[in-house]
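[1] got a predicted structure plus its sequence, pasted below:
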2 protein chains.
Amino acid sequence: MATNNISHVDVLIIGAGPAGLMAATWMARCGINARIIDKRGTKIFNGQADGLQCRTLEIFDSFDFADRVWKESNHMLEVCLWNPDSEGRLRRSDRIPDTIPGISRFQEVVLHQGRIERFFLDSLKQHSNIRVERGVLPDKLTFDETKSDDPNEYPIEVVLQHLSEDQVNPGQNQTTVDGGATSDGLFRSNMAPDDTDELLNNAHKNGLAGRSEIVKAKYMIGCDGAHSWTRRQLGYKLEGEQTDYIWGVLDIIPITNFPDIRMRCTIHSASSGSVMVIPRENKLVRLYIQITTTEKGAKIERSAINPKMILEAAQRTMAPYKLDYEYCDWWTAYQIGQRVASNFSKNERIFLAGDAVHTHSPKAGQGMNVSMQDTYNLGWKIAAVLNGTANRSILKTYQSERRRIAQDLIAFDHKLSRLFSGRPAKDVMDEAGISMDEFKDALEKGNLFTSGVAVNYGASAIVAKEGDAAEQGDGTDVAQNITVRVTGKENLASNIKIGMRMPSFKVLNQSDARPWHFQERLKSDGRWRIVVFAGDISNDVQMSRITTLGQELHDLVQKFTPETKAIDSVIEVLMIHSAPRVQIELLDLPDIFHPWSKRDGYDYSKIYVDDMSYHEGHGKAYEGYGVNEKKGCVVVLRPDQYVSWIGELEDIGEMERFFIGFMVMGR
Amino acid sequence: MATNNISHVDVLIIGAGPAGLMAATWMARCGINARIIDKRGTKIFNGQADGLQCRTLEIFDSFDFADRVWKESNHMLEVCLWNPDSEGRLRRSDRIPDTIPGISRFQEVVLHQGRIERFFLDSLKQHSNIRVERGVLPDKLTFDETKSDDPNEYPIEVVLQHLSEDQVNPGQNQTTVDGGATSDGLFRSNMAPDDTDELLNNAHKNGLAGRSEIVKAKYMIGCDGAHSWTRRQLGYKLEGEQTDYIWGVLDIIPITNFPDIRMRCTIHSASSGSVMVIPRENKLVRLYIQITTTEKGAKIERSAINPKMILEAAQRTMAPYKLDYEYCDWWTAYQIGQRVASNFSKNERIFLAGDAVHTHSPKAGQGMNVSMQDTYNLGWKIAAVLNGTANRSILKTYQSERRRIAQDLIAFDHKLSRLFSGRPAKDVMDEAGISMDEFKDALEKGNLFTSGVAVNYGASAIVAKEGDAAEQGDGTDVAQNITVRVTGKENLASNIKIGMRMPSFKVLNQSDARPWHFQERLKSDGRWRIVVFAGDISNDVQMSRITTLGQELHDLVQKFTPETKAIDSVIEVLMIHSAPRVQIELLDLPDIFHPWSKRDGYDYSKIYVDDMSYHEGHGKAYEGYGVNEKKGCVVVLRPDQYVSWIGELEDIGEMERFFIGFMVMGR
């Protein structure tokens, strides 16, 4: 085997699904030297994950492609609950909003994974030289633990195998229209074995001289799915349990007289199982259809599962309504289980994310979302360490923050999927049955959880809040490593929660009166942000507080900014004031709010005002954020839009201590 | 010259600027066999037109690319008026909204013409095989008038010359940073001579054997600019006048302390001329700068005009504020004049559009907009005749509708540009000066005109309203050619005006509760639309009116639809009802509102409801349209969203007579 081909890379990403692509996207935006490999020869074209929660769309917007998703996707507005009446006849018993009104400027939408991957790929191309290398597998991992602590070392060595064209495209055929079982819909199902070893064996057998290489990496991210090769090399186990509930999935253009086929529906039949309806783009509808109705019982043979038998199960559940199709886009089946990995990282050098560290049922539409949010949490941290602006200590917060989320997710999924797979109770005395009231309640409460906006990261070096860091996370020690602990003053902004993502309200740009959702100004470019709620600066006293603050902020930001870089390149300072727009002249405010450059003159993108717009109403941002309109406050945001700290306009000393806790001084 | 190369095409478009591309886009969407040629070797990359009015964005949205413009463009929200105070010092005297609030779901934005052309090109590629053929010039036109009336004839013959690579790219250089006059900013200015003849002469001189071809066309559209070759072949004159006012244009990243540089501003200095500020994308600002201050006077030598002298004129006007730049993207100069062509068509076979038939000053941001709206008006008409759904008689409405608009435009521009070029009056006694109050008043009133939404087409075969057809248009005879004239009942919908574009309010899709701006459902695909305001169909009497109407509409639509085509392929029937959404089941409504197909089942995209949404408020569409919420009405829309007819639910006989007036029976 010719392996004299050795190269170095800062970040090696294994797997180019949504989690891997999200990681690569951060690297692209932060200018990091990274590679991303995938064993498959092409991206996927149909099926797989589809639901996109509102927090995920906010994240896409921070990378500037939420608009493409919003335009192409099907928007899900309402959930209709169907279950038996007292005579056992199926009827619509309830309607609830799919996304809780007011929690985000986006709502849940559905679009197949292949399109999402396309948007990531286009974005990578636009912003970097990073390209997915397909038909490339990791073959051998060597990790030198002694080199972990030195930021400049490459403790990871991976042998990569490059497959030939024949080897990378395994034999999944398109599903036949008549629903025959000739093609294998269970390809990539969790009921099918992994094919990594098989692919590797083929590669070795064919003796691919010169087709392997050695990569030395500073960091590695394993986004290689439920059968994760990376996880197996590290010897980490998935902990949890598997049930015998089997569900089938059909992506079809339905021919039906069921009235709510374009709504998300949960359908519990009296005794013929359950169906979930997920209306999709291009007239498609995804049906999740229960095939086995007991939690533990006789196993169904894999070969017995095909689109025809899945359709027949759906027809039984949805009777007396008719259901059929001429066009089937994709089908699969899966077994319900909830498991989470024991560790998410090895020495904060090798990380695991997505399906590699958590598996659960797909019906809450969480899979792709939580997986992408894993690497959305991780990517900027690795980039900050590599770019020399943050200490390695922040990397521990990845496991603390995301393993806790995974634990919460499987607990939620455990509960909901059992309520969904069970038979409805005939009446209150029917204890073996599931109460439909309890199901509805769980679904409504679950909507906040599944939206992703309820995520609340625990106290740590980068989240300056009260409470026990280990308890609020997964147990990892991520507490601030300083003598006098810094905690923000949450009472200054009743709707800005330290540890949660910054909410969004409309504000106007001071210079041109254009309305923006404030979140649109919080792009994912690796920068920290100090948001100054300047209050009513038409008042002289308040203006003089801001004048003082402006100078202090300039001095503080400068400390963390390399001399050769622009003043807003590491920490960006933004303002939202509450004075009437027309009473304020932008250039009267301190320089830090409108930095000057020789070529471009003043920067007009930093100052916003909470005032009436001409065409989009009044954003009422101060009211929405719960900030005092006279006095204001200051908020520190992480590069991923999560809130780190809140203080008074005079608390800059505290803020500086917070930054010193994990940041590298620039000069 | 080898011209044995003869081909046939249904539509030949000369010129691939915005007007030509708009025409080509219609052909692409309507499946018409068309070619589009342009003498230039590339599309333009900077400068030229930039303002996009809200009606233009509505049109772009009907072709599905308004979102790209909206995202990339600079949005202009406010106009600031600057003029001298009583001591002659420049100060901001007023602010007015740039787009009148409420008139459209879009507002005026600015993005350079090259990007607009890019979006058209991408759209052509996505929907057709039509590609711009560059470096191709028309050389000779022969028109056989006797063949005009036979729809199947090709009365047009054009010899085309294909230029070589060297010939197509004339010598315009990028502007130098120091503003020197080495490059020619006046390339394509109306102060520069046309280069078509020169290009043709070169081609002939170099003897391009085999590089010419003959094209026989059914229709031809000349979108070849102010110096239009097509117009010259037809011998049509531009009528109107030219002034000696010369204005310069600079596209720069300004370095300035002028407070409103990111607002649209009109600046009148006491005696140093006027400047208009147009903030653009990518930090650019366009300045229109007055160079000569008298209407008739000594000519400035073309060679004396360069960026430095234009900048100095701006500095004088904007003093005491400072203005400079390091980066200049483009510059030009132009002479103000207002002219309109005597004819817009030759026998309704050869048409002229855009700058070829009207020229005016650019400061009202009308040029690109009105030009594109010309061919937006024309394209679907030609396509309908070619597709065999409409009679040739509708083609006369192009000149009637658009020449009238051009006449109104030059009258408006004449007034505004003189008010803008004049010196401000020192006081009420200063009769030679311009009243700033009068200027503000003209600007405010002009905002409705320039938005494009005030366009009101006159009575004709396709606009069933009261009044004299010739008087309401440009004088062309376009009256209905039937014994008993059909006119709609405007009183049934107080805010839907026959002859104007259909306004837009938010409604919900009945099947999935998703909010849409109703205009989003009126895509430019060549189809007529019957919009049934069904009223409160939770009431049994109203529901039975709709049941009857549904059957009648089915029969009517079928008459105009070829047997092999889907029932909604020529006329689409849509419904907006006012009953509570949850009280209506979609499948209880007549079939015409949810046509069925064997492969796709029911169509869920036709029925909308005026009800509360979960996340975007209540559209109040019935209130907005001014339609009775109980009784409803029926509205007929042209393929370009303009209103043709309004009637009661029982007036289907009248509606049929309207359609018979110009449509071809399908079976």
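    Received, thanks. Keep in mind that what you see is a predicted model, and the values were worked out from it rather than measured. Numbers count the residues shown, from 1 in each chain, chains lettered A, B, ... in the order given.
[2] what is the mean pLDDT for stretch A:414-425?
    Average pLDDT, stretch A:414-425: 84.
[3] quick one: the helices in the stretch 451-600 of chain A?
    Counting by DSSP state H, counting those that start in this stretch, the stretch 451-600 of chain A has helices at residues A:469-472, A:540-559.
[4] give me the distance from the biggest helix by length in chain A to the chain's centre.
    With secondary structure taken from DSSP state H, chain A has its longest helix at helix A:396-421. Chain-centre distance of helix A:396-421: 14 Å, with C-alpha atoms, centre = their mean, to the nearest Å.
[5] mind listing what's buried in that helix?
    The neighbour-count check on helix A:396-421 (16 or more other C-beta atoms under 10 Å in any protein chain shown) flags A:396-410, A:412-414, A:416-421 as buried. Using the backbone N, CA and C atoms, a C-beta is placed for each residue, glycine as well.
[6] for it, packing partners?
    strand A:238-256, strand A:274-279, strand A:323-341, strand A:358-359, helix A:367-386, helix A:436-451, helix A:469-472 (3 or more C-beta pairs under 8 Å, 6 or more residues apart in numbering or on different chains; DSSP states H and E).
[7] pipe the ones you listed into a markdown table and attach mean pLDDT, distance to chain B and mean neighbour count per row.
    Formatted as a markdown table, those follow (pLDDT from 0 to 100; distance: least, C-beta to the nearest C-beta, whole Å; neighbours: other C-beta atoms under 10 Å in any protein chain shown):
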| stretch | mean pLDDT | distance to chain B | mean neighbour count |
| --- | --- | --- | --- |
| strand A:238-256 | 89 | 4 | 21 |
| strand A:274-279 | 95 | 6 | 24 |
| strand A:323-341 | 91 | 5 | 21 |
| strand A:358-359 | 91 | 30 | 27 |
| helix A:367-386 | 96 | 19 | 26 |
| helix A:436-451 | 88 | 12 | 17 |
| helix A:469-472 | 94 | 31 | 17 |
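[8] closest one to B:A384 among these?
    Between B:A384 and the helices and strands packed on helix A:396-421, the shortest separation by C-beta to C-beta is 30.7 Å, and it involves strand A:238-256.
[9] hmm, A:A461 and A:F662 touching each other?
    Yes. With contact defined as C-beta atoms under 8 Å, A:F662 counts as touching A:A461 (4.6 Å).
[10] what touches both of these two?
    A:S393, A:I394 (C-beta atoms under 8 Å, 6 or more residues apart in numbering or on different chains).
[11] alongside chain B, which residues does the stretch 501-650 of chain A contribute?
    Within the stretch 501-650 of chain A, the positions adjacent to chain B are A:509, A:511-514, A:582, A:585-587, A:598-601, A:604, A:613-615 by C-beta under 8 Å from any C-beta of the partner chain.
[12] in strands, which of those appear?
    Among those, the members found in strands (DSSP state E) are A:N509, A:G601.
[13] any of the residues of the stretch 501-650 of chain A next to chain B buried? List them.
    Looks like those have A:N509, A:S511, A:D512, A:A513, A:R514, A:L586, A:D600, A:G601, A:Y604, A:S613, A:Y614, A:H615 buried, using 16+ other C-beta under 10 Å.
[14] which of those residues sits closest to A:G473?
    When those are compared against A:G473 (criterion: C-beta to C-beta), the nearest one is A:N509, at 37.6 Å.
[15] now do that closest one, the pLDDT please.
    98.
[16] separation between A:N282 and A:I252?
    Distance, A:N282 to A:I252, by C-beta to C-beta, to the nearest Å: 12 Å.
[17] same thing with A:I300?
    A:I300 is 21 Å from A:I252, by C-beta to C-beta.
[18] excluding its backbone neighbours, what's nearest the residue positioned nearest the centre of chain A?
    With distances taken as C-alpha atoms, centre = their mean, A:Q373 lies nearest the centre of chain A, 2.3 Å away. Distances taken as C-beta to C-beta, 6 or more residues apart in numbering or on different chains put A:G452 closest to A:Q373, at 6.4 Å, once the chain neighbours are dropped.
[19] count the residues that sit near that neighbour.
    Neighbour count for A:G452, taken as other C-beta atoms under 10 Å in any protein chain shown: 25.
[20] ranking helices and strands of chain A by mean pLDDT, which lands last?
    Within chain A, confidence by mean pLDDT, DSSP states H and E is lowest for helix A:165-168 among all helices and strands, at a mean of 64.
[21] next up, the contacts around the closest residue to A:F449 other than its chain neighbours.
    In space, and not counting its chain neighbours, A:F449 is closest to A:F412: 5.6 Å by C-beta to C-beta, 6+ apart. Shown in contact with A:F412 (C-beta under 8 Å, 6+ apart): A:A364, A:G446, A:F449, A:T450.
[22] swap in A:L90?
    Here A:L90 is in contact with A:W82, A:N83, A:P84, A:I267, A:S269, A:A270, A:M318, A:A319, A:P320, A:Y321 (C-beta under 8 Å, 6+ apart).
[23] what do you get if the cut-off is 7 Å, keeping everything else the same?
    Applying C-beta atoms under 7 Å, 6 or more residues apart in numbering or on different chains to A:L90 gives the contacts A:W82, A:P84, A:I267, A:S269.
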